[in-house]
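Asks: need a 3D model of the following:
(one chain, ligands or ions: 2)
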Amino acid sequence: MTRAMIGVIGGSGLYQMDSLTEAEEHIVETPFGRPSDVVVTGKVNGTQVAFLARHGKGHRLIPTEIPYRANIYALKSLGVRYLISVSAVGSLREEICPLDMVLPDQFIDLTKHRISTFFGNDTVAHVSMARPVCPMLSDLLAQAIESQNFTDLKLHKGGTYVCIEGPSFSSVAESHWYRSMGANIIGMTNMPEAKLAREAQISYATLALATDYDCWHPKEEHVTADIAIANLMKNAEHAQSVLSSAISLIDQKRPISIAHNALNSSLVTPLAAMSAEAGNRLNILLQ
Ligand SMILES: CSC[C@H]1O[C@H](OP(=O)(O)O)[C@H](O)[C@@H]1O
Ligand SMILES: Nc1ncnc2[nH]cnc12
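Replies: Ligands and ions are numbered 1, 2, ... in the order given. The predicted model follows:
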């Protein structure tokens, strides 16, 4: 099967990569089931990339239903070492306007119904999530955004993404509560995705695209799916050009990431003490 060092997970509004040539679709089976959709491999400016639509083509999966483990495992089994997550988010800050881009560097996980680890069943590991985003990868995304000279949006480097279970949007009280926690943006999908990427030793960074002001803002309309979707289309167009440029930069620089050897200091169960089945299951993550 074709291998790719760089992976892209496309969120709401981003169901394919326009710049991908020589596209091949792969139905990937994993010990954690099938991913959200086929993984599409192909070339962007000559660099091999693997793309996966997080909600499936046609947006069929609510955030709770997304097979996060299968998605990350499938990408890792295709050779992915750098993963760009593209996500629609609500803004929890006045200065982050709809259409702006944010490169979050922290997450708060408020999800309730998702399995957030590959471990268990005979294997124990505790990875560090102190710095969940790879700073070098995020810097390359920033360079790619700046190289586009967008005039209609701002880039915000850093910030905290609070991840809720959804699929309903928040109440006004919750929205104020997230602001009081110090969160800057809100979404429903980056957890447990970022945790699983770390367990799979994949460098992870999010390109967050603001669609709305959630519902805390005294003057702006409370978010609805229609409001978010109206901005998603413009955001997706911006994201396509950023991705092409970021992929070339990542291929040139291939930055070292703490994620790449995250399991060196985190695996508690010695490989020799695991069952053969558990060892095989984790083999891909350990590569
Ligand atoms: C259609 S707006 C709400 C939807 O968009 C975000 O998804 P993604 O991160 O995949 O772009 C948000 O988390 C919700 O799932
Ligand atoms: N306000 C919001 N809350 C949660 N997820 C979102 N995705 C886009 N806007 C959002």
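Asks: burial of the residue in the stretch 151-287 of the chain positioned nearest to ligand 1, as a residue count?
Replies: In the stretch 151-287 of the chain, the residue that lies nearest ligand 1 is Met188 (3.3 Å; CB to the nearest ligand atom). In short, each C-beta sits where N, CA and C put it, glycine included. Met188: 25 surrounding residues under other CB atoms under 10 Å.
Asks: I figured it hits Val162, correct?
Replies: No - counting by CB atoms under 8 Å, Met188 stays clear of Val162, with 9.9 Å between them.
Asks: which residues in the stretch 1-150 of the chain form helices?
Replies: 68-77, 135-146 (DSSP state H, counting those that start in this stretch).
Asks: is the closest residue to Asn235 other than its chain neighbours in a helix, a strand, or coil?
Replies: Among residues not flanking Asn235 along the chain, Leu209 sits closest, at 3.7 Å (CB to CB, 6 or more residues apart in numbering). At Leu209 the chain is in strand, as set by DSSP: H, G, I helix; E, B strand; the rest coil.
Asks: give me the beta-bridge partners of Leu209?
Replies: Taking DSSP bridges as the rule, Leu209 bridges to Ala88, Met101.
Asks: quick one: end-to-end distance for stretch 71-87.
Replies: Stretch 71-87 stretches 15 Å from its first residue to its last (CA to CA, to the nearest Å).
Asks: one more: stretch 93-110?
Replies: 19 Å.
Asks: in it, which residues are buried?
Replies: Applying a neighbour-count criterion of 16 or more other CB atoms under 10 Å, one finds 93, 96, 98-107, 109-110 buried in stretch 93-110.
Asks: picking that back up, which residues does the residue nearest to Asn235 contact?
Replies: Counting by CB atoms under 8 Å, 6 or more residues apart in numbering, Leu209 touches 13, 86-89, 99-102, 231-232, 235-236, 238-239.
Asks: if we check ligand 2, which of those are in contact?
Replies: With the criterion set as CB under 6 Å from any ligand atom, the members of those near ligand 2 are Ala88, Val89.
Asks: out of the helices of the stretch 1-150 of the chain, which gets nearest to ligand 1?
Replies: Using CB to the nearest ligand atom, the helices of the stretch 1-150 of the chain put helix 68-77 closest to ligand 1, at 11.2 Å.
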